[in-house]
Each structure stands twice: as C-alpha cells, then as structure tokens.
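K.L.:
Requesting a structural model of the entry that follows:
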Amino acid sequence: MRIALTGATGYTGGRLLTALRRRGDEVSVLAREGADLGPLREAGARIVAGDLSDRGGLDRLVEGADAVLHVAAVYRTAGHPDRYYREVNVSGTERLLEAALAAGVKRFVHTSTVGVHGHVARPPADEDSPIAPGDVYQATKAEAEALAAQFGRERGLPVTVVRPGAIYGPGETRLLKLFRAIARGRYAIVGSGRSFYHPVYIDDLVAGFLLALERPEAAGERFIVAGPQYVSQAELADLIARHTDGRVFPLHVPAAPLRLAGAVCEAICVPLGIEPPIHRRRVEFWTKSRAFSIEKARRVLGYRPAVDIEEGIARTAAWYRQAGWL
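P.N.:
Coordinates of the predicted model:
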C-alpha cells in the first residue's frame, strides 16, 4: 500500500513507520522544520516538509496515497495555551481530512485516546461509554475524533478511529520518571492506589493499527486498542519495583495538597511558557481510573495483544537499564 503517515518523528509514529516499511509499504511522512530526518531517511520514507497547519504540505503528503495514518498531535504539557491544542489537534485534523478526501484516499485511520472517556467510574469502559474529557488535551482529541467520524458519515471518507491505551515500551519516555523514582527508592503512591491504569505495549498497539488499516470491517468504526489487562496504581508500582529492584514507600501521599500545588504552579509557570514542576494532570494520573474493554477490537479486528503487563514491564525495564536510563 501507499501510506501517508503523520507523527513519524514521535514514538508511536516511528514504530509504525518501521512496521509499514518492513512489510513493503511505500510511506510518505510529514516532517516539521527542524525535525530529525535521519531515522526517516534510514527507514526509506518519502519525506514531505510541512506540518498540520500547512494545507499545501498536506496535499503533497496524501497525493497518490491509498490510506492515511494520522498519529500526530499535541500531547499534554502545561506550557501550551489552549488555543494551540485546538489548532493542532482539531484544525490540523480537519485540514488533513479535507486533503485526504480531495485525494480520493480509501482509508483514514485517526488516532484518538482512551482519555476521551475521562475518569471511568464503573470499569471497564467500552467504545460506547460516555465521552467525558478532563482536560484540554482530552477535549480537543474528543472534538477531533467526532470531526473525523462526521467526515465518514456525511462525506464518504472511510474513517476508522483508534483509541490507544497508555502507551509504553522500550524507548518510550512517558513512564521513565516513574521507573526512575521507583528504581531509586524515592516513590510514594498518591491517593489510595486503587485507581486503574490500562497500558498497551507498543508492539501490540502497532498490530492494532495495522488491523484497523487492513480490515474492511473497520471502516466507520471506533476501537479501543489496549493491553490484555488493566492494573491498579499500587499493582503497577509493585511490578515496576520488582523489575527494577526498586522500592515503593509504604505510606501514601494525600492527593488534595498536590492538586492544589499543581494549580498554583500552573498559574505561575504557564503564562511564562515554563513547564511546571508539578501540575494537576500528574495528580490525575494517580487518582483517575482508566480501565477498558478490548472486546470489540478482538471481535471485529481479530486483535490479540501478545504482551501482558508483567512481560511488558520486564522488557521496558531491561531496555531502560541497558540504555543507561535507570
């Protein structure tokens, strides 16, 4: 296939690029000014200069493509104003959808997030559970997902929405601070430790994306693509401690004071364009439950995650250690 891919300079997009090229697909990638082009060239991608604000670049990206894999987004950092999230995650997605429609693309796979469901009070949630975003990142991802689905219904573009769980694996950095803190014996659980966390190992996520790209049944559908099981925060910390020879403090830290401290730090740092040392979303990592059913992806796509969390944490810890990150 001829694939147009956004987000190829990021972790998930880079792994998708490798997998697509390995199976023989021709892949065009969108690269912003200043991006590291070395890995893209090594993978044999066709590089198109531009970003999601550039309709001309998007037209060049999708020219001749059979399918689009849209992975690029602004992830949660407290240093960006809300309008920036909307410009990239919503308006950028709309421009790419328009370009794909004009180019006659046969499949558009849009990356959303399980975060659009917010806190899952009655786990597990599924694709039809309420949309209840808890921050601007989740809200703009929900808006972009709805926009993509609308293009499918009203304008005939075959759209599939993938909602990944919490992505982790060798080379991923979102959980690196957690691994380091536990490995060094400097970690205490915030709150009760009973809230749920639902990760997906990167190899399983890539397999889910490829199924969403290939299967005719996927058109017009939404899929939660996560790992085979979810765990509590306490269980997650214990797993990481076991595989890093680390330690978790027996006493828990109350969430409310940290949430207040995060709000104060954000109020001071964000207007200055500084990433706060602590912010509210980090507190929500410990206190809001994320637990999901992957039954629809199993049934419709034939999705079968192969890496359980025990094995995934072990592989990730080993990679961090070998890379000198722990």
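K.L.:
for the protein, which helix is longest?
P.N.:
Longest helix in the chain, counting residues (DSSP state H): helix 136-155.
K.L.:
which helices and strands does that helix pack with?
P.N.:
When contacts are defined as 3 or more C-beta pairs under 8 Å, 6 or more residues apart in numbering; DSSP states H and E, helix 136-155 sits against helix 82-85, helix 92-103, strand 107-111, strand 159-164. Where you see a C-beta, it was placed from the backbone N, CA and C, and this is true even at glycine.
K.L.:
helices or strands up against the longest one?
P.N.:
Contact here means 3+ C-beta pairs under 8 Å, 6+ apart; on that basis helix 92-103 packs against helix 55-62, strand 67-70, strand 107-111, helix 136-155.
K.L.:
same thing but 7 Å
P.N.:
helix 55-62, strand 67-70, helix 136-155 (3 or more C-beta pairs under 7 Å, 6 or more residues apart in numbering; DSSP states H and E).
K.L.:
Output these as TSV; include the columns mean neighbour count.
P.N.:
Formatted as TSV, the helices and strands packed on helix 92-103 follow (neighbours: other C-beta atoms under 10 Å):
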stretch	mean neighbour count
helix 55-62	20
strand 67-70	26
helix 136-155	19
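K.L.:
relative to helix 136-155, how tilted is the worst-scoring helix or strand of the chain on mean pLDDT?
P.N.:
Of all helical and strand segments in the chain, the minimum by mean pLDDT, DSSP states H and E falls on helix 280-287, at a mean of 74. Angular relation of helix 280-287 and helix 136-155 on a 0 to 180 degree scale: 90 degrees, by axes from the mean of the first three to the mean of the last three C-alpha atoms, to 10 degrees.
K.L.:
Which elements pack onto helix 280-287?
P.N.:
So helix 280-287, by 3+ C-beta pairs under 7 Å, 6+ apart, packs with helix 255-269.
K.L.:
and the strand or helix carrying residue 41, what's its mean pLDDT?
P.N.:
If you go by DSSP states H and E, residue 41 is part of helix 38-43. Helix 38-43 carries an average pLDDT of 95.
K.L.:
neighbouring contacts of that helix?
P.N.:
Helix 38-43 has contacts (C-beta atoms under 7 Å, 6 or more residues apart in numbering) with 8, 14, 17-18, 21, 29, 31, 47.
K.L.:
repeat that with 8 Å
P.N.:
Identification of contacts with helix 38-43 by C-beta atoms under 8 Å, 6 or more residues apart in numbering yields 8-9, 14, 17-18, 21, 27, 29, 31, 47.
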